[in-house]
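Participant: build me a model:
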Amino acid sequence: MARVRTRNPLSAAAVTLALAAAVAAGWGGWARYDAGNDDSAAYAQARDDALAAGEQAVQNMNTLDHAKLGQGLDSWEDSTTGALHKQLVDGRDEFVKQIETAKTVSTAEILSGAVTELDDRAGKAAVMVALRVTVTAPEGKPVAKESRMLGQLTRTSDGWKLDALGQAPVGNTAG
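Facilitator: Numbering: from 1, shown residues only. Okay, here's the model as predicted:
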């Protein structure tokens, strides 16, 4: 007579749980690999990096204290590249004279920002930044003005830098 073997319910449950754990681990590993090699994740990171650098550079370019002029102008130059950087370096002496005469302090606060264009492969981006700039004259009350700036960025070996900056049009610009 053949002997009938019965399975232990605990062994069956252990095998089932081990199999489920192996499947879950495999799926989790694949999902992590896929997320780490996803082009859209890399693009999103490049966009976030460009926005952070653009906002900081626009804030730097709109903040200047006549008492710390060298430090402020160094910050401007550190935030820029290309033609804008050259313009700042070439005009530095004249600008120092103007600010020392005016004795003003300007501080910028970023209100919001967005990347409007990004070509990650070419290392080019564009940002729009809304900010509030407060200017204080030597014998006056602080005056705050809100504006929007458009910046063009280039990725350098030191990160994203402004290579152009200007006012964004406001209101109806149709003629």
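Participant: every contact and neighbour count from this point should use C-alpha atoms.
Facilitator: OK.
Participant: buried ones in the longest helix seen in the chain?
Facilitator: Counting by DSSP state H, the longest helix found in the chain is helix 9-36. By neighbour count on 16 or more other C-alpha atoms under 10 Å, the buried set for helix 9-36 is empty.
Participant: what's the mean pLDDT across it?
Facilitator: For helix 9-36, mean pLDDT is 78.
Participant: next: stretch 43-57.
Facilitator: 96.
Participant: can you show me the helices along the chain?
Facilitator: Under DSSP H, the chain gives helices at 9-36, 39-61, 69-78, 82-90, 92-102.
Participant: quick check: angle from the last one to helix 82-90?
Facilitator: Spelled out, it's helix 92-102. 60 degrees (axes from the mean of the first three to the mean of the last three C-alpha atoms, to 10 degrees).
Participant: now do the first one
Facilitator: Between the axes of helix 9-36 and helix 82-90, defined by the same axes, to 10 degrees, the angle is 60 degrees.
Participant: now swap in the third one and tell me
Facilitator: Using the same axes, to 10 degrees, the interaxial angle of helix 69-78 with respect to helix 82-90 works out to 160 degrees.
Participant: so what touches helix 69-78?
Facilitator: With contacts defined as C-alpha atoms under 8 Å, 6 or more residues apart in numbering, helix 69-78 is touched by A57, N60, M61, T63, L64, D65, H85, L88, V89, R92, V96.
Participant: which residues of this structure score low on pLDDT?
Facilitator: The chain contains residues with pLDDT under 70 at 1-7, 34-38, 172-175.
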